[in-house]
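>>> Have a look at this prediction, sequence included:
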Amino acid sequence: MNVTLRQLQAFIAVAELGRFHLAADHLGLTQSAISILIRDLEAVLKHRLFDRHTRMVSLTTAGAEFLPQARKIMSDLEIAVTNVHELANLQRGRVTIAAAIVLAATLLPPVIARFVKRYPDIQVQVRDMPEEEIRSALKRNEADLGIGTVSADDPEIQASVLMRDQLTLICRSDHRFARAPQVSWANLSGEALIGLAKDNPLRGLVDHALIASGVEVKTRYEVRFSTTAISMVAEGLGIAILPENSRQLTTNVDVRIVDLVDPVISRNISILQYRQPMLSPAAAKMKEFLMGASRKPS
């Protein structure tokens, strides 16, 4: 049916005010325009909606039945438009962030705290997960944004560099490297390594650096989470090579963080998003907050 909003507005105004000229004044239209709108609406509905009298108009049976439905349509539309305005103005909404475990525990909480203070009506959900699962979560629309690294080019994923961090050595406090200000990759020969799972982007970066340095290191254990690797280091099961932001997770265990040099290996930490859907206003604002946090001096 080709019923227009203008026709519904005119119909409701005439029904409530009882006169065409009052309805015209109310809507800022001419009386003839109101008459045309009502006439066209009646033509579409194939029913007369008003009985015309000399001074007043009254609803026909069909008009009386149509009026509450017309009011509901206009009310529902007003609610829908209001909801969209609220989303656009960040008065409500939701954003879901998929973050690598360490980043979810270190980088993300202070940013979320600032965001919800500024936009208390936006619901923020965090999905902390292994880094290798983030891209799949984005493609399944289970998250609006991801925070992690990209191991290979993926045309479906857009990456905005957030910051860089470098790889560091984590060893127990009584290890031979514990008191050294820095350790070169070449010095790692013969060490027992606690490595991350092979599908983790960080594992590939570490393996490549070891091969490039000509170092033979035995990966004795493979784990999925950095927190597990740190706990195993604390028990003397080996050393681990993890990003420097893992430092915040070592305060309760007896381990040391030592710079790895010759060469210094860094990685990009990026905000990831699926290219296909446009970010919601809430997600776009959260991305802005994250980028702003990365520009703040440490």
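Perfect, I can see it now.

>>> Mind listing what's buried along the helix ranked longest in the chain?
Longest helix of the chain, by residue count under DSSP state H: helix 61-88. Across helix 61-88, burial judged by 16 or more other CB atoms under 10 Å covers 63, 66-67, 70, 87. Just so you know, the C-beta spots here come from the backbone N, C-alpha and C atoms, and that holds for glycine as well.

>>> Repeat that for stretch 189-209.
Buried residues in stretch 189-209, counted by 16+ other CB under 10 Å: 191, 193-196, 200-203, 205-207, 209.

>>> Same check on stretch 13-25?
Residues of stretch 13-25 classed as buried under the neighbour-count rule (16+ other CB under 10 Å) are 13-15, 17-20, 23-24.

>>> What of stretch 116-136?
Neighbour-count burial for stretch 116-136, with 16+ other CB under 10 Å as criterion, is recorded at 119, 122, 124, 126, 128-129, 131-135.

>>> what does the average pLDDT come to for it?
What stretch 116-136 shows for mean pLDDT is 90.

>>> contact partners of that stretch?
90-101, 104-105, 108, 112, 115, 137, 142-143, 146-151, 154, 156-157, 197, 199-202, 224-225, 272, 282, 285-286 (CB atoms under 8 Å, 6 or more residues apart in numbering).

>>> residue boundaries of the helices in the stretch 151-298 of the chain?
201-212, 226-234, 281-294 (DSSP state H, counting those that start in this stretch).

>>> hmm, who's touching the first one?
By CB under 8 Å, 6+ apart, the list of residues contacting helix 201-212 from outside reads 131-132, 148-151, 167, 185, 188, 195-198, 217, 241-243, 263, 265, 267.

>>> cutoff 10 Å now
With CB atoms under 10 Å, 6 or more residues apart in numbering as the test, helix 201-212 has contacts from 100, 102, 131-132, 134-135, 148-152, 167, 185, 188-189, 193, 195-198, 200, 215-217, 219, 222, 226, 240-243, 260, 263-267.

>>> Over to H26. Which of the three states is it?
helix (DSSP: H, G, I helix; E, B strand; the rest coil).

>>> I'd guessed it sits against V14; true?
Yes - using CB atoms under 10 Å, H26 is in contact with V14, at 9.4 Å.

>>> which residues are common contacts for the two?
With CB under 10 Å, 6+ apart, H26 and V14 have common neighbours I34.

>>> give the contact list for L260.
Going by CB under 10 Å, 6+ apart, L260 touches 166-169, 177, 182-185, 187-188, 206, 209, 213, 241, 244.
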